[in-house]
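Visitor: Kindly generate the corresponding structure for this input.
(chains A and B)
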Amino acid sequence: MLAGILRRVGRRLFASIPALFGVVVVTFTLMRVLPGDPAVFFASGPSAGKEEIEELRRSMGLDKPIPVQLFRYLGEIARGDLGRSMTTGQPVVLDIQRRLPASLELTCTALIIALLLSVPLGVLAALRPGSAVDHAVRMLCTLGVCVPTFVSGLLLIYAFYYLLGWAPDPTARIDIFASTPPEITGFYLIDFALVGDAEGWWAAFRQLVLPAFTMALFVLAPLARMTRASMLAVLGSDFIRTAHAMGLSRLRIIVAYALRNALLPVLTITGIVFSTMLGANVLVEKVFSWPGVASYALDALLASDYAPVQAFVLLMALIFVLVNVAIDVLYGIADPRVSVA
Amino acid sequence: MSEMAIGRSGTGRHIAYVLRSNPVTAVAAAGTLLLVLIAAFAPMLVPYDPVASNVPHALEPPSSLHWAGTDQLGRDILSRIIAATRLDLVIAVSAVSLSFVVGAVIGGFCGYRGGRLDRWVGRFVDVLMAFPLFVLAMALVAALGNRVENIVIATAVINLPFYIRFARAEVNVRRNAGWVEASRACGDSHLSVVLRVLLPNVLPAMAVQISLNLGWAILNAAGLSFIGLGVTAPTPEWGIMVAEGARFITTGKWWLVALPGLALMLTVLCFNLLGDGLRDILDPRMRT
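Guide: Numbering: from 1, shown residues only, chains lettered A, B, ... in the order given. Predicted coordinates for the structure are as follows:
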């Protein structure tokens, strides 16, 4: 079983190498044709002399032909060197290391919220197709995909910060006057829980709720729709009728028999949903001034500082590939028939 | 997709039937028509000049004078929302048509010819799909230059994989059908078989995609201008209006964000519902 899973992971990772290589080439090319000469941008000022700019270009490797730059870049990636951010002056790897947990914490929380909301909603809708619940869920889904994340985020801020006063000031991961938790995992909720700081945990949680909900609302629709459709298909199948005929309790049939089988397509679509969320991160992090990798890349992009952007795009593609591998493995565990094949 | 032959006379009856049993589609179609009319006649509909500032009346809530309130420079928000309709629709429609035409042709040839071309295109599409698409669009706009045309191109590129795959799959299953053989036997060139015989045949199925895609394209374009790419400041555009209003949301100036956001939402809603309705009309089996 374990060996089978490992083989599967290995095969999938291997199969994703060409796509990842393509991603590197595409990002590299994109960033090299960026308008504006970064050497001029980062020279001491508008009065910088020609020699100084030339020197900078040489030190950044910008004087070499593009293919040579690409090879250099590939070598650097292999060594784990993603360049240096010109705006923060730090190696990009370090910056990203510091900021990635913030983004992951936000995205994962949002995904959990979305799943916790959409699966029960989809199941409820499927249990009584055509009922008021079904129509309500469908309406929620239809509206959910129409509201852009940046609008729903701002409206949530208006409702919960300005009107009700329940949410804290929507900037950063934690109140500027509160102390940050010790660096253990970088996930504030986990770190606070590990050191047993209930007050800190609550502060971080309050800060996280609105952005996470904003993102969750956006992906609620595909998940709930998929749950409903696959639940409907499963509920109509023979083994459910048999279970009913055997006199099993309704709850048991729905949860243990139907839902477990219905979750497989939901798992598949979670991969696509995750990709959407990685993109939506940019908007949500901007709305909530969340100090994650997406806002880092966005700031760098607007300052034509291309090393962080390259690293960010590469990282997002890498995470996406890894998530898909993980989903594939989970799929194999959930449905043993898949791993036999 | 539907291979069921619906006779000419039956089609009209079928459309009427779908519209009757699903009035939402009719409403969505009417809404889309209204949007197009607003976009076409925007300059005549605006009550105020959408770019004229009037600082003494800045940040006023909706009133009988300014139905949607005024922004930080005292510009009338309703006028700006109306004026923005044209730009947003033009961006979305041109992006989707661009990726539809390019995607259908590339996908059509790949599905028809197969072989090496098909494999390389398939790989390219895989690479595009490995990116989170919004991130790719961001990088594209930044690389090509911060202009409206490039928002169109970026949105078109991130839509492209879906059209290529769709057209490829649809053409692939039909390439050995009897009527395709017949057209070849009549001496049509391969080019003509793909462009004049196969692609028109998969067009109806793609129409649904187009409608569903328009809403997505608008959200994407608005998202790009929200983060400061593409459309620049004084131009009225929904995304940038929301971005400008974002600064005032914590002091309770909701109309700066909510009303352009509402316009955005209603537009996407219209396109999505229309797409669902079109699918019901074209492919009765796909109804949910």
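Visitor: What is the least confident helix or strand in chain A?
Guide: helix A:38-42 (a mean of 57; mean pLDDT, DSSP states H and E).
Visitor: just checking, next helix/strand downstream of that helix?
Guide: Sequence order places helix A:50-59 as the next helix or strand after helix A:38-42, per DSSP states H and E.
Visitor: Any buried residues in that following helix, and which?
Guide: A:53, A:56-57 (16 or more other C-beta atoms under 10 Å in any protein chain shown). C-betas here are computed from N, CA, C, even on glycine.
Visitor: Next, count neighbours for the residue of the stretch 201-341 of chain A found nearest chain B.
Guide: As assessed by C-beta to the nearest C-beta, chain B sits closest to A:Gly279 within the stretch 201-341 of chain A, at 3.0 Å. Close neighbours of A:Gly279, defined as other C-beta atoms under 10 Å in any protein chain shown, add up to 22.
Visitor: Please apply the same query to B:Leu278.
Guide: The local packing of B:Leu278 (other C-beta under 10 Å) involves 23 other residues.
Visitor: Show the pLDDT at it.
Guide: pLDDT for B:Leu278: 80.
Visitor: what residues are up against the spatially closest residue to A:Ala233 that is not a sequence neighbour?
Guide: Excluding its sequence neighbours, the residue lying closest to A:Ala233 (C-beta to C-beta, 6 or more residues apart in numbering or on different chains) is A:Ala262, at 7.5 Å. By C-beta atoms under 8 Å, 6 or more residues apart in numbering or on different chains, the contact list for A:Ala262 reads A:123, A:126, A:227, A:230-231, A:233-234.
Visitor: For the residue sitting nearest the centre point of chain A, pull up the helix or strand it's in.
Guide: When C-alpha atoms, centre = their mean is applied to chain A, the residue found nearest the centroid is A:Leu278 (3.5 Å). If you go by DSSP H and E, A:Leu278 is part of helix A:260-287.
Visitor: Tell me which residue of the stretch 51-200 of chain A lies closest to chain B.
Guide: Here the stretch 51-200 of chain A gets closest to chain B at one residue, A:Val151, 3.4 Å apart by C-beta to the nearest C-beta.
Visitor: Assign the nearest residue to that residue once chain neighbours are set aside to helix, strand or coil.
Guide: The shortest distance from A:Val151 to any non-neighbouring residue, by C-beta to C-beta, 6+ apart, is to B:Gly261 (3.4 Å). Secondary structure, DSSP: H, G, I helix; E, B strand; the rest coil: B:Gly261 is helix.
Visitor: residues near B:Gly261, how many?
Guide: 24.
Visitor: pLDDT at it, what is it?
Guide: As predicted, B:Gly261 sits at a pLDDT of 92.
Visitor: Let me see the contact set for it.
Guide: Contacts of B:Gly261 by C-beta under 8 Å, 6+ apart are A:147-148, A:151, A:154-155, B:238, B:242.
Visitor: now do B:Leu19
Guide: B:25-26, B:277.
Visitor: Was I right to think A:Ala178 contacts A:Asp197?
Guide: No - counting by C-beta atoms under 8 Å, A:Ala178 sits too far from A:Asp197 to count as a contact (10.1 Å).
Visitor: which stretch of helix or strand covers residue 98?
Guide: The chain I'm using is chain A. helix A:92-127.
Visitor: if you could check chain B rather than the one you did, that'd help
Guide: Going by DSSP H and E, B:Leu98 is in helix B:77-113.
Visitor: how about whatever helix or strand comes next after that helix: buried residues?
Guide: With elements assigned by DSSP H and E, the helix or strand that comes after helix B:77-113 is helix B:115-129. Within helix B:115-129, the residues that count as buried by 16+ other C-beta under 10 Å are B:118, B:121, B:124-125, B:127-129.
Visitor: Chain A: which of those is nearest?
Guide: Nearest to chain A out of these is B:Val127 (C-beta to the nearest C-beta; 3.3 Å).
Visitor: which ones are touching the closest one?
Guide: Counting by C-beta under 8 Å, 6+ apart, B:Val127 touches A:19, A:22-23, A:26.
Visitor: what's the distance between it and A:Leu100?
Guide: In this view, B:Val127 and A:Leu100 are 23 Å apart by C-beta to C-beta, to the nearest Å.
Visitor: returning to that earlier point: need the next SSE after the helix holding A:Leu278, C-terminal direction.
Guide: Helix A:260-287 is succeeded, C-terminally, by helix A:293-302 (DSSP H and E).
Visitor: by contact count, what packs against the next helix or strand after that following helix?
Guide: The helix or strand immediately downstream of helix A:293-302 is helix A:306-334, counting by DSSP H and E. Contact here means 3 or more C-beta pairs under 8 Å, 6 or more residues apart in numbering or on different chains; DSSP states H and E; on that basis helix A:306-334 packs against helix A:2-15, helix A:17-32, helix A:92-127, helix A:260-287, helix A:293-302, helix A:336-340, helix B:133-144.
Visitor: Buried residues in helix A:306-334, which are they?
Guide: Neighbour-count burial for helix A:306-334, with 16+ other C-beta under 10 Å as criterion, is recorded at A:306-317, A:319-321, A:323-325, A:327-332.
Visitor: Could you check the angle that helix makes with helix A:17-32?
Guide: Angle, helix A:306-334 to helix A:17-32, by axes from the mean of the first three to the mean of the last three C-alpha atoms, to 10 degrees: 160 degrees.
Visitor: What is the burial count for A:Gly80?
Guide: A:Gly80 has 8 neighbouring residues, counting by other C-beta under 10 Å.
Visitor: Next, it: secondary structure please.
Guide: Going by three-state DSSP: A:Gly80 is coil.
Visitor: Let me see the contact set for it.
Guide: Applying C-beta under 8 Å, 6+ apart, we find A:Gly80 in contact with A:Val93.
Visitor: One more: A:Val282?
Guide: A:294-295, A:297-298, B:134-135, B:138, B:223, B:227.
Visitor: Give me the below-cutoff pLDDT ranges for the chain.
Guide: All of this is about chain A. Counting by pLDDT under 70, the ranges of chain A that qualify are A:1, A:31, A:33-49, A:60-61, A:176-177, A:338-341.
Visitor: was after chain B, sorry
Guide: Ranges of chain B meeting pLDDT under 70: B:1-10, B:18, B:283-288.
Visitor: most centrally placed residue in it?
Guide: For chain B, by C-alpha atoms, centre = their mean, the most central residue is B:Leu214; offset 1.5 Å.
Visitor: Show me what the lengthiest helix in chain A is packed up against.
Guide: Taking DSSP state H as the criterion, chain A has its longest helix at helix A:198-235. Packing contacts for helix A:198-235, counted by 3+ C-beta pairs under 8 Å, 6+ apart, involve helix A:92-127, helix A:132-144, helix A:149-157, helix A:188-195, helix A:260-287.
Visitor: quick one: it to helix A:260-287, angle?
Guide: 140 degrees.
Visitor: Count the residues that sit near A:Arg250.
Guide: Neighbours of A:Arg250 using other C-beta under 10 Å come to 10.
Visitor: Over to it: give its phi and psi.
Guide: phi -60, psi -40 (degrees, to the nearest 10).
Visitor: re the thing from before, from the contacts of B:Val127, pick the one nearest B:Ile151.
Guide: Nearest to B:Ile151 among the contacts of B:Val127, counting by C-beta to C-beta, is A:Val26 at 18.8 Å.
Visitor: Give me the distance between the closest residue to that closest one other than its chain neighbours and A:Gly196.
Guide: Nearest non-adjacent residue to A:Val26, counting by C-beta to C-beta, 6+ apart: B:Val127, 6.2 Å away. Counting by C-beta to C-beta, the separation of B:Val127 from A:Gly196 is 46 Å.
Visitor: before we move on, back to that, OK, contacts around the residue of the stretch 51-200 of chain A closest to chain B?
Guide: A:Val151 touches B:242, B:257-258, B:261, B:264-265, counting by C-beta under 8 Å, 6+ apart.
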